[in-house]
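J.: Below are the sequence and a predicted model; questions follow.
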Amino acid sequence: MVSQFISAALGQRSLVWFWPEWAEGLWIWGWSAVGALLAWRVRHPVYLGLMGVAAVGGLYLVCYGWFTQSAWIPFVPPAIALLTTAGSLVSYFAYQAYQERKTIAEQVEDQEKTIALLQTLLTGTPTIALTSAPTSAANGDTTLIPTQSTKRSVSTQVPTSSTKSNDATEAINTRTYSDQHVANDVEDPISDRPRFLLSRRYKIDRVLASGGFSLTYLAQDTQRPGNPLCVVKHLVPARSDVRFLQTARRLFKTEAEILEKLGKHDQIPQLLASFEENAEFYLVEEFIAGHPLSEELPSGKRLSEAQVVGLLRPILEVLAFLHERHVIHRDLKPSNIMRRQLDQQLVLIDFGAVKQMQPQDYSASRQSAQEEGFTVAIGTRGYAPPEQLAGYPGLSSDVYALGMIAIQALTGFFPYQLSPNPETGTVIWREFTEVSDQFAAVLDRMVCYYFNERYQSAGEVLRDLKALET
């Protein structure tokens, strides 16, 4: 220290040395980049705040360490640059998310109007006769009697799987093919299975599911390296008149736009393409390798409360993402929840809005009805609440469906096997399992017969579940 003072007094060296201006500029720019990286990688505001404090603390230690070596390195300017850059990016991301939610909400509103118009055109009447007694609805005796307009003449005879499934009923007008039926040369209700490239691009490998007005294919994308697998959903409008087709096309376009935005979530399949050929519509989606949740919930298998909570949380988080954007899944059931093979995450598939261009399946087999129950008004009996069966789904309809899945996992019974309370219409299930009163209260509120007494969104359920864990 004494030698430094003597050297400084003799003019041989500075008491404290500095970086040149260009080096200080790079130093400040580098910490600004650190702030941008933190904001880009850590979107959660609490975690970002903690990381920001840690970064500023690290900067201070670096500057102090150099100061002990007689070096003056700027601290305040890079700290301000770090925090300002991170804050600016957070504000930008928040604004971007707000605009996206606003856009999706507007598209959903337009979608609802289009669905209402389609159903009016499809049934020939704006109303649907529906018995409203809670007991009959819960027992599956609700009767929907639409007046059908002129439709395409399409055979409804389709091959069904030779093996019984825990999720026997798929989406509307859809039954699964077994490998044997796929191999057989059978007549399709829409047309023979295509042996050409759809849109001159997608080569069909096999049929995954089929119904009177829809087909789902496993296909190869021949225009991408390695011909990766994808899922192609082939939808045929129920009628071919100009007005109906225009309305169906509008619904299809809106649904594709919504799915493209939702696919940014890791647990929702990405929409890869959408197109129309010969007045028929196609959605191309990411292929999710794995198995449906229905395989994990066979009849008689019971999960513990902790296991069911662990099952609910990831699904609720995806639903909360949807509900924040006012999007309703409309057909939540075990067969529409995939366990992804890659990371064992649960992925929601088969959103139901676009199926509204097809008529309801009133001719489902008795065997199908006794498993999940056939699909009506876009939804599956046992999992769909009464207001959805009446054609008026809401965000709470998804909550009801997920609650029924949780009850199925706890009791080992399919929804149709549970009797309703004759006074409230809500299913009776507590006597078939052992759970805490707090968790049972959450499930009871999820599956309440009256939607206004139910949780109104997945976010509300998540908050109560987190409160139980504290």
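T.: On my side now, so go ahead.

J.: got the residue ranges for the helices in the stretch 51-200 of the chain?
T.: All helices of the stretch 51-200 of the chain, identified by DSSP state H, counting those that start in this stretch, fall at 76-123, 134-138, 179-183.

J.: so which of those helices comes closest to Leu283?
T.: helix 76-123 (14.6 Å; Cβ to Cβ). All C-beta atoms are positioned from the backbone trio N, CA, C, and that covers glycine.

J.: distance between the ends of stretch 381-394?
T.: 16 Å (Cα to Cα, to the nearest Å).

J.: from the chain's centre, how far out does that stretch sit?
T.: 18 Å (Cα atoms, centre = their mean, to the nearest Å).

J.: Give the buried residues for that stretch.
T.: 381-391, 393-394 (16 or more other Cβ atoms under 10 Å).

J.: can you check stretch 64-79 too?
T.: In stretch 64-79, counting by 16+ other Cβ under 10 Å, buried: 73-75, 78-79.

J.: In those, find the pair that's most separated.
T.: Checking those with Cβ to Cβ, the most distant pair is Ile73 and Ala79, at 11.8 Å.

J.: The longest strand along the chain: partners in the sheet, and parallel or antiparallel?
T.: Taking DSSP state E as the assignment, the strand of the chain that covers the most residues is strand 202-211. Strand 202-211 has the following strand partners under DSSP bridges: strand 175-176 (antiparallel), strand 197-198 (antiparallel), strand 214-221 (antiparallel).

J.: Using TSV, please lay out these together with mean pLDDT, distance to Arg250 and mean neighbour count.
T.: Listed next are those as TSV, based on pLDDT from 0 to 100; distance: least, Cβ to Cβ, whole Å; neighbours: other Cβ atoms under 10 Å:
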stretch	mean pLDDT	distance to Arg250	mean neighbour count
strand 175-176	37	28	22
strand 197-198	89	22	16
strand 214-221	91	19	22
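
J.: Gly403 is nearest to which of those strands?
T.: strand 175-176 (25.3 Å).

J.: What segments of the stretch 201-350 of the chain are strands?
T.: Applying DSSP state E, counting those that start in this stretch to the stretch 201-350 of the chain gives strands spanning 202-211, 214-221, 229-235, 271-277, 280-286, 290-292, 337-340, 346-348.

J.: Any idea which of the ones you listed gets closest to Thr433?
T.: The nearest among these, by Cβ to Cβ, is strand 337-340 at 20.6 Å.

J.: buried stuff in the closest one?
T.: Counting neighbours by 16+ other Cβ under 10 Å, the buried set in strand 337-340 is 337-340.

J.: Kindly report the same for stretch 269-283.
T.: 269-275, 280-283.

J.: what about that stretch, average pLDDT?
T.: Averaged across stretch 269-283, pLDDT comes to 93.

J.: and it, how far from the chain's centre?
T.: 19 Å.

J.: So for Thr114, what's the pLDDT?
T.: Looking at Thr114, its pLDDT stands at 79.

J.: ok, back up a step: and the longest strand of the chain, what's its mean pLDDT?
T.: 87.

J.: For the remainder of this discussion, apply numbering that starts at 50.
T.: I'll keep to 50 as the first residue from here, and by that count the last item is strand 251-260.

J.: on that earlier part again, most neighbours per residue, which of the helices of the stretch 100-249 of the chain?
T.: The highest average neighbour count among the helices of the stretch 100-249 of the chain, using mean count of other Cβ atoms under 10 Å, belongs to helix 183-187 at a mean of 19.

J.: if you average pLDDT over that helix, what comes out?
T.: On average, helix 183-187 scores 37.

J.: before we move on, back to that, select, out of the strands of the stretch 250-399 of the chain, the one closest to His378.
T.: Nearest of the strands of the stretch 250-399 of the chain (Cβ to Cβ): strand 395-397, 6.3 Å.

J.: so what strands line up beside that closest one?
T.: strand 386-389 (antiparallel).

J.: Identify the residues contacting the strand it pairs with?
T.: Residues from elsewhere that reach strand 386-389 (Cβ atoms under 8 Å, 6 or more residues apart in numbering): 337-342, 345, 364, 394-398, 454.

J.: Of those residues, which pair is most distant in space?
T.: Ala338 and Ile454 (22.0 Å).

J.: These two: who's more crowded?
T.: Taking neighbours as other Cβ atoms under 10 Å, Ala338 and Ile454 compare with Ile454 leading, 25 against 9.

J.: re the thing from before, Serialize the strands paired with strand 251-260 to JSON lines and add fields for distance to Ala135.
T.: JSON lines is the format used below for the strands paired with strand 251-260 (distance: least, Cβ to Cβ, whole Å):
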{"stretch": "strand 224-225", "distance to Ala135": "49"}
{"stretch": "strand 246-247", "distance to Ala135": "46"}
{"stretch": "strand 263-270", "distance to Ala135": "39"}
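
J.: To Ala297, which of these lies closest?
T.: Nearest to Ala297, of all the strands paired with strand 251-260, is strand 263-270, at 12.7 Å by Cβ to Cβ.
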